[in-house]
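> pasting a predicted model and its sequence here:
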Amino acid sequence: MVLSLVKGQKVDLTKNNSNMNVLHIGLDWQAPKHFDVDVSAFLLGHDEKIVREEDFVFYGQPVSSNGSVSLEESISTIEKQHFIINLSNIPEEAQKISFTLTIYESDLNGQTFQDVSDIKLRIVDSRIQQEVIIFPIDYSFTKESALVLGTLYRYSGEWKFHAVGSGFFGGLADLCADYGVAVDPPLNESQNLVPTNQTPTDPNQRFQTVQEREGTSHGEAIPTPPTELVQLKRSSVVQFNEGRIETLSNQSTELIHLFGDQQEDAAQTPLPNRIETPLTSNFLLTGAEEQDTDVFFHSLSGKEKTFLLMIDHGKTSVNEAKDYLKPHGLMLALFVNTINEKANKHLDDNLLQIENESIKVYEEFEPLVEKIKERIRNEY
């Protein structure tokens, strides 16, 4: 049975199937013919940075440092390219593998994922040649030129998959910088000039310039290579569209205002003897993580905090949640999505998922939610 995922959903891969060791990750999309869409995979450590630069897998480096991740062209008509992942050989320091799509030289050509459709990621258990997961992106993008489709990640000694499906206003260079891959700075005009008799030393150079010459007779001296300079096209560093990001942020804020949630919470006055309790835990957060968690806590509205108090043993029922939200004129899906947007902003991941008749906390965040509930009780 193939499991179809939606954005934000997380599923176990190996927890109930210990024989699932080799995965086929297929990627497909529909784009105009003049678009050059690239796929990449980043093997990341605990700090969300690349383990080593040889573990950035893309068209110029199709195999990771130890061969556990490889990029291949697909001969199938149902996908453009695919990765082969040998889970048992993934280096221990690699905690996550992020799969991305970018558009080559999108900034120079004005190309974005607004014109790319039918994006899909599929996971096949290579041992039995059976498709187990498909993640169809059935929504549109605007001016984004980079996508993070999904991530494989370790949790409690097992592998899980997170359907991310998020777009970003930056290309491959920005993703590399975010993941800690060294990127060459933009070249000025003089640096862009390379003699034709100089052999390129960059193994990842996308295009190779070949000089043609007429045939020679046997014994004829080989002419000296010309020394004139030719212009080579180089990828430029893409900058984030700060104005677009601010516009989307303002639109999100206006949507929250429509439901009256933010205005009502702003009018609330703190209760007497309010105690500012630091969010501490026994599951060892770093200083930066504690700060992010504290900012996330303060970003929650009064209704959102009360909602989290309803969660018992990692979940609450959909009916109970609707009963709580109905008097406030709030829609369940939008309300949960707002909490997840805040969690993504401050914790880099979704906090809640709606599954069947329950709203569940992703299990890796259950200890954190319990600490948040403890803090809410102390403050109120």
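Thanks, I have the structure now.

> where does pLDDT dip in the protein?
Scanning the chain for pLDDT under 70 picks out the ranges 184-288, 380.

> count the neighbours of Ile78 for me.
A count of nearby residues for Ile78, using other CB atoms under 10 Å, gives 10. To be clear about C-beta, it is placed using only N, CA and C from the backbone, and glycine gets the same treatment.

> now do the one 5 residues further on
By the measure other CB under 10 Å, the count of residues near Phe83 is 22.

> who does it form a beta bridge with?
Beta bridges link Phe83 to Ile25, Leu71 when assigned by DSSP bridges.

> might one say that it is in contact with Val57?
Yes - between Phe83 and Val57 a contact is recorded at 7.2 Å, counting by CB atoms under 8 Å.

> shared neighbours, those two?
41, 69-71 (CB atoms under 8 Å, 6 or more residues apart in numbering).

> report the buried members of these.
41, 69, 71 (16 or more other CB atoms under 10 Å).

> rewinding a little: can you redo the shared contacts of Phe83 and Val57 as TSV with distance to Pro62?
Shown next, in TSV, are the shared contacts of Phe83 and Val57 (distance: CB to CB, whole Å):
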residue	distance to Pro62
Ala41	10
Val69	9
Ser70	6
Leu71	4
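
> and which of the buried ones among the shared contacts of Phe83 and Val57 is nearest to Asp294?
For the buried ones among the shared contacts of Phe83 and Val57, the minimum distance to Asp294 (CB to CB) is 32.9 Å, reached by Ala41.

> tell me how far that closest one lies from Asn16.
Look at Ala41 and Asn16: by CB to CB, to the nearest Å, they are 25 Å apart.

> and the helix or strand where Phe99 lies, what does it pack onto?
Per DSSP states H and E, Phe99 falls inside strand 96-103. Strand 96-103 sits against strand 22-30, strand 37-44, strand 146-155, helix 172-178, with contacts defined as 3 or more CB pairs under 8 Å, 6 or more residues apart in numbering; DSSP states H and E.

> quick one: the helices in this structure, in order.
106-109, 172-178, 242-258, 261-267, 287-299, 302-309, 318-325, 332-347, 366-379 (DSSP state H).

> so for Asp12, which of the ones you listed sits nearest?
Where the helices of the chain are weighed against each other on CB to CB, the nearest is helix 366-379, at 15.1 Å.

> so how far does stretch 6-17 reach from one end to the other?
22 Å (CA to CA, to the nearest Å).

> and for that stretch, what are the contacting residues?
3, 5, 20, 23, 87, 123, 125, 132-133, 137, 139, 152, 158-166, 340, 350, 353, 362.

> repeat that for stretch 121-140.
Contacts of stretch 121-140 (CB under 8 Å, 6+ apart): 2-5, 7, 11, 13, 17, 19-28, 78-79, 84, 99, 114, 117-120, 149-150, 161, 163, 165.

> how about stretch 20-28?
By CB under 8 Å, 6+ apart, stretch 20-28 touches 13-14, 39, 74, 76, 78-88, 99, 101, 118-127, 132, 149, 152.

> ok, now which ones touch Lys315?
358-361.

> recalculate using a threshold of 10 Å.
Contacts for Lys315 (CB atoms under 10 Å, 6 or more residues apart in numbering) come out as 352-353, 355, 357-361, 366.

> against Val361, how distant is it?
Taken as CB to CB, the span from Lys315 to Val361 is 7 Å.

> now for the two: what residues contact both?
Residues touching both Lys315 and Val361 by CB under 10 Å, 6+ apart: 352-353.

> go ahead and flag the most central residue of this structure.
Taking CA atoms, centre = their mean, the centroid of the chain lies closest to Val148, which sits 3.4 Å from it.

> show me what contacts the closest residue to that residue other than its chain neighbours?
Closest residue in space to Val148, ignoring its immediate chain neighbours: Val164 at 4.8 Å, by CB to CB, 6 or more residues apart in numbering. Applying CB under 10 Å, 6+ apart, one finds that Val164 lies in contact with 7-10, 98-100, 121, 135, 147-151, 344, 349-350.

> format the helices and strands packed on strand 96-103 as a markdown table; extra columns: distance to Glu105.
Shown next, in a markdown table, are the helices and strands packed on strand 96-103 (distance: least, CB to CB, whole Å):
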| stretch | distance to Glu105 |
| --- | --- |
| strand 22-30 | 17 |
| strand 37-44 | 10 |
| strand 146-155 | 13 |
| helix 172-178 | 10 |
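
> which of those sits closest to Arg52?
Taking those one by one with CB to CB, strand 37-44 is closest: 8.1 Å.

> mind giving me the packing neighbours of that closest one?
strand 22-30, strand 56-57, strand 69-73, strand 81-86, strand 96-103, strand 146-155, helix 172-178 (3 or more CB pairs under 10 Å, 6 or more residues apart in numbering; DSSP states H and E).

> for these, which one sits closest to Tyr324?
strand 146-155 (29.7 Å).

> circling back to that earlier point, relative to strand 69-73, how tilted is the strand holding Phe99?
In terms of direction (axes from the mean of the first three to the mean of the last three CA atoms, to 10 degrees), strand 96-103 departs from strand 69-73 by 30 degrees.

> export strand 96-103 as PDB, just CAs?
Extracted in PDB, the C-alpha atoms of strand 96-103 (Å, rounded to 0.1, in the frame of the first residue of the first chain):
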ATOM      1  CA  LYS A  96      19.400  14.200   8.300                       C
ATOM      2  CA  ILE A  97      19.400  14.100   4.500                       C
ATOM      3  CA  SER A  98      17.700  17.100   2.800                       C
ATOM      4  CA  PHE A  99      16.400  16.800  -0.800                       C
ATOM      5  CA  THR A 100      16.100  20.000  -2.800                       C
ATOM      6  CA  LEU A 101      15.100  21.400  -6.200                       C
ATOM      7  CA  THR A 102      16.700  24.600  -7.600                       C
ATOM      8  CA  ILE A 103      16.600  26.400 -10.900                       C
END
